[in-house]
Structures are given as structure tokens and as C-alpha cells.
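**Student:** Structure for the following, please:
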Amino acid sequence: MGRYDVSLLRYLTAEDFRVLTAVELGMRNHELVPHRLVAVIANLRHGGVHKVLRDLAGGHRLVTLEKWRRVQGYRLTNLGYDYLALKSLAAKDTVASIGRQIGVGKESDIFVCLDASGEECVIKFHRLGRTSFRKAREKRDYLPNHRRVNWLYFSRLAALKEFSFMQALHKHGFPVPQALGNCRHAVVMGLMPGYVLNQVHHLDDPGRVYDDLMNIIVRLASMGLIHGDFNEFNIMLSDEDEVFVIDFPQMISIDHYNARSLFERDVNCIRNFFKKRYEYETTDFPEFDSILRETSLDAEVEASGFSKEQEKELGFLNLADQKELSDDEADSPHSDQESSDRDHTEEEEDGSSDDESGTEEEQTEKIYVKNKQKFTQRERRRKDDNVSEEPPPVSPVEKMPDRSEERTIDADECDRIERELLENYERLYQPHLSSQNSHGQSGGQQTDSPQRQRVDSEGQSRVSAAGLSYVSTSIPPGLIKKRVRSQAARTRNMELCRRAIKQGESSLKTKDRQDKRLDIKESLDWG
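**Tutor:** Numbers count the residues shown, from 1 in each chain. The predicted structure follows:
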């Protein structure tokens, strides 16, 4: 772990950051951003964008030029994404300088930094997509419908989740770092004095620390949240044995379908660690079935597993509880009779007096109940009338035309039709054919006649013109189509190869040739 070199940040110009932002915006729907698209988004001259990209990709390595098949474009690196986040945080006076690295994990890098007032804080860069944690898309449901995005955007979602969790937990008095700022995949938080529990080999009172950790797990569950990774690597201990909790992107709701297993895993991690490290073992530990929800903090932070339907149901349950309390606190039975009469008149007038009496919560609940009753009655009425109102379905057999009465053509009629067609052909083209035959006989040359004689079963000859004969083939039509398509695809690929257009930097083939020429020149100079 060393220093994080950000000395280049002070030498980058506004055009450099404009081009970096253009590449970032282009990566929303492009794996590799073409040079022309970067120029359009950055709104600079093409030559200027080319020069900036060459500097950023060459010496600074903030972007990289890649080629995939026949597509060539630029991609933002982790260092370039870090510089964009640090530039925004420095403009907000959230971060003034950055120091050494104090932590590294499978999905993040942690550094010490200073804010504008000179106080120490911590900045955490999320690095989802590393080789050690490639199954982040399967483990974390940040995106709906499992939509695939690049790892930089996935890291941005993880940072936003952690920032919102830290804000909510710190507001409710949990021992967590204070969230100071967030930009892209970076989260700035307060520095917690202490050591990671994995580095602490001796405790004066392990029972008290064990109870504090179990109380935190139970308190989180009562708020509707489960940490999901509550182990010795995500727990810090101060010199006074005060407990702090870190690392929150994987937190889920208590209504998640994996909530029970993750809750039991968090409890067992603490029990096993205290048993192995401090030889402390007890049968007193919380169970998932004994948890009672007090608030819906998971709905506030939109934790994974808490849906909008559950939020609506929870809201209506709270409204019902408030209504029961108001009914219990009624002054006299006379007032109850008046309220019941008022409710009866409101039902008859279809809610016309709701705006004049009752609280907003009671009005919302009444409207919800009335709409649900109306919808149920309408559905029942529609099902009852469906059989009588709808006409009987028409069988597809009745819609088909009756082809049984169609007239059939026998062999004699076929001969008659063919004979008429031949007579019409001879009447139209016979003068032209006879003139050709006479010309061939006068020249002493024998030419093939365009007519052929054939005798049918009745002994009559039939003349068929060669130009009207039907030509058949033994090759299947599907095979012919397949050959034509393959030939067209081959021709199109050859045309694309001939039209290799350079965009942005020189093509990789041209660059390889230039390197070979340079190597040959250097070898000749040495010789």
C-alpha cells in the first residue's frame, strides 16, 4: 500500500476533462466510444479532440484505445474515472488532498484524505469487476431485470447505495462513519479511530463486545435492514473497545427472500470468530423469528427486497391503526352515532363530503376501500354477464369455404385447353417461324426448328414451342436460397474489408507496420 499519485490532476486542462466527460457519456450505450462520437459530445474541433485523446491514451493512460473485431474506439480506465470524481469533489471543497492507502478489498480501494478545513477523512473508490469478485452482477441486484452495464457504472451504483445507507444509519444513531460526500464511484466519509477487529488479538471483556455486536444486529433488523456481511473484517474497535461498523453496499431488507439465511450467517460469523480468537462461547444469540419490526428504514433507503407494493400495504396498515386509536379515544356514544351516520351518508353520496370532514389519512383509506369494492362488484358483474352477452364463437370450420362443389377437370378437357393454347401460339408466331425456316433452307444450312413434335396416346401430334417450355431442376429451393445468401454475405464482407476507413488514431495494422519500420531503421543504424 503506497501513495495515490494525483500530481497529474493539477496539470490537466479544461479541454482534457471535457473529453474525459464525453467518453464517460458515450460509454452509457457504447462499449467502445468512436472518435467521431467523442468529438460530437465534447463539441470541440476534430483535430483538437484527436490531440487530447492521444495525450490521454498515451502518457496519462486515462483512456485506452481498443479494437474489437472491426470496431475501434476509446474506453475510460479506472484512473480516468478516479480523476473525474476527484475533480468534482475538489470543486465542492469536499476533498483537498489525498494520501496513503489504508485498505484494499475485493471491490474497493480506501485512502486517507484531507478536506478543505484540513481535517482527516477517508475516500473509498469502488472497484467492482475485479478478478476476485466477478460475480457481482449475480450477488447484487442493483439493476432491474438483470440489465448488463459496464463495471464503472456498476461501481457508481454501489457507491450511491453505500452513501444512502450511511446517511440513514448515522441519522438514527448507529455507530457508523459520517457520510461527507459522494461523486460517481467515490464515497467520502469520516475517519473512525480504531483497528479492524481481525487485527485485535486480545480483549479485556469479550462478553461486552459480543453483546454490543449482537445488539447492533438486532437493532438493524428491527429497523428493517440486514447487514449481509457482518464479520471481523467490517467491524472496527477503538482503544476503549467501542464498536464501529463499516461496508454497507450489500445491505438488504428484512423482507428479502434471503433475509433469514443472511441474518443467521451474520450471527454465526460473530459467534465462530469469538470462539476461535477469544475462546468465548455462549448460547445467548438472537434468532430471526424473534425480530419485531419497529420502523421501515429499508423503505426509506430503498433496500433490496422491499417492493413498492409492500410499502403501500404498510402505509394502509398504519392508517388502519390510527383509525382504531381515534375510535378508542372517542368522547361519548353520541359522537359515535353521529360519526356512523356521517359515514352512512358519505357512502350514499359517493364520497361527496370527504373533503369537508375527517383527516387526510381517513379520506385516503375510505377512497381506497370504496374503489376496491367498486372494482370487485364490477368484476363480478362482468363475469356473470359474460356468458349471456357474448355471442357464441364461430368454429373455424364454418369460416372455411366449401370446396367440395368445385368442378374437377378431367384429362380430355386438359388436352382441349392445351390444344387451344397451341393454336393461339401458332397463329401469332407462325409467320415469323416460317420465314426463319425458309431462310435457313435457302442458305443450304439446316437449323434446329424451335418446334418439337410429340405424339399423344390418341395418335395426334402436338407442337410445343421451346420458348414456352417449363425448365425444372433437381436442386431443392432451400439449398438455392442458402447458397445465394452465403454468396451475398461473402461479397458484403469483402466490400467492408476494401472500405477500411481510419477513424481517430491510426489503425492497428498501420501502427504495427510503423513499429516494424522503426525497428528496421534502428537495426540499420546499429549496423
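
**Student:** CA atoms for contacts and neighbours, from now on please.
**Tutor:** Noted.

**Student:** give the contact list for Val301.
**Tutor:** Contact analysis of Val301 by C-alpha atoms under 8 Å, 6 or more residues apart in numbering lists Ser164, Phe165, Ala168.

**Student:** So which of those residues belong to helices?
**Tutor:** Among these, the residues falling in helices (DSSP state H) are Ser164, Phe165, Ala168.

**Student:** Present the residues you listed as TSV; the columns should include pLDDT and distance to Glu279.
**Tutor:** Below are these laid out as TSV (pLDDT from 0 to 100; distance: C-alpha to C-alpha, whole Å):
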residue	pLDDT	distance to Glu279
Ser164	93	37
Phe165	94	33
Ala168	93	35
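
**Student:** Could you tell me which of those residues count as buried?
**Tutor:** Neighbour counting over the ones in helices among the contacts of Val301 (16 or more other C-alpha atoms under 10 Å) leaves Ser164, Phe165, Ala168 as the buried ones.

**Student:** quick one on the thing from earlier: which of the contacts of Val301 lies closest to Gly59?
**Tutor:** When the contacts of Val301 are compared for distance to Gly59 (C-alpha to C-alpha), Ser164 wins out at 36.8 Å.

**Student:** For the nearest residue to that closest one once chain neighbours are set aside, give its distance to Met251.
**Tutor:** Distances taken as C-alpha to C-alpha, 6 or more residues apart in numbering place Val301 nearest to Ser164, at 6.3 Å, with adjacent residues excluded. Counting by C-alpha to C-alpha, to the nearest Å, the gap from Val301 to Met251 is 10 Å.

**Student:** Give me the neighbour count for Gly58.
**Tutor:** Close neighbours of Gly58, defined as other C-alpha atoms under 10 Å, add up to 13.

**Student:** separation between it and Gly105?
**Tutor:** Distance, Gly58 to Gly105, by C-alpha to C-alpha: 29 Å.

**Student:** all strands for the chain, in order.
**Tutor:** Secondary structure of the chain (DSSP state E): strands at 63-68, 71-76, 97-104, 108-114, 120-126, 179-183, 186-190, 195-196, 225-226, 235-237, 243-245, 252-253, 451-455, 461-465.

**Student:** what angle separates the second one from strand 63-68?
**Tutor:** An angle of 150 degrees separates the directions of strand 71-76 and strand 63-68 when computed by axes from the mean of the first three to the mean of the last three C-alpha atoms, to 10 degrees.

**Student:** do the third one as well
**Tutor:** Using the same axes, to 10 degrees, the interaxial angle of strand 97-104 with respect to strand 63-68 works out to 50 degrees.

**Student:** rewinding a little: just send the strands of the chain back as JSON lines, with mean neighbour count too.
**Tutor:** Formatted as JSON lines, the strands of the chain follow (neighbours: other C-alpha atoms under 10 Å):
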{"stretch": "strand 63-68", "mean neighbour count": "16"}
{"stretch": "strand 71-76", "mean neighbour count": "20"}
{"stretch": "strand 97-104", "mean neighbour count": "15"}
{"stretch": "strand 108-114", "mean neighbour count": "19"}
{"stretch": "strand 120-126", "mean neighbour count": "23"}
{"stretch": "strand 179-183", "mean neighbour count": "19"}
{"stretch": "strand 186-190", "mean neighbour count": "24"}
{"stretch": "strand 195-196", "mean neighbour count": "17"}
{"stretch": "strand 225-226", "mean neighbour count": "29"}
{"stretch": "strand 235-237", "mean neighbour count": "21"}
{"stretch": "strand 243-245", "mean neighbour count": "22"}
{"stretch": "strand 252-253", "mean neighbour count": "26"}
{"stretch": "strand 451-455", "mean neighbour count": "11"}
{"stretch": "strand 461-465", "mean neighbour count": "16"}
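
**Student:** Which of those strands sits closest to Ile520?
**Tutor:** Across the strands of the chain, closest to Ile520 is strand 63-68 (C-alpha to C-alpha), at 25.5 Å.

**Student:** partner strands of that closest one, parallel or antiparallel?
**Tutor:** Using DSSP bridges, the strands paired with strand 63-68 are strand 71-76 (antiparallel).
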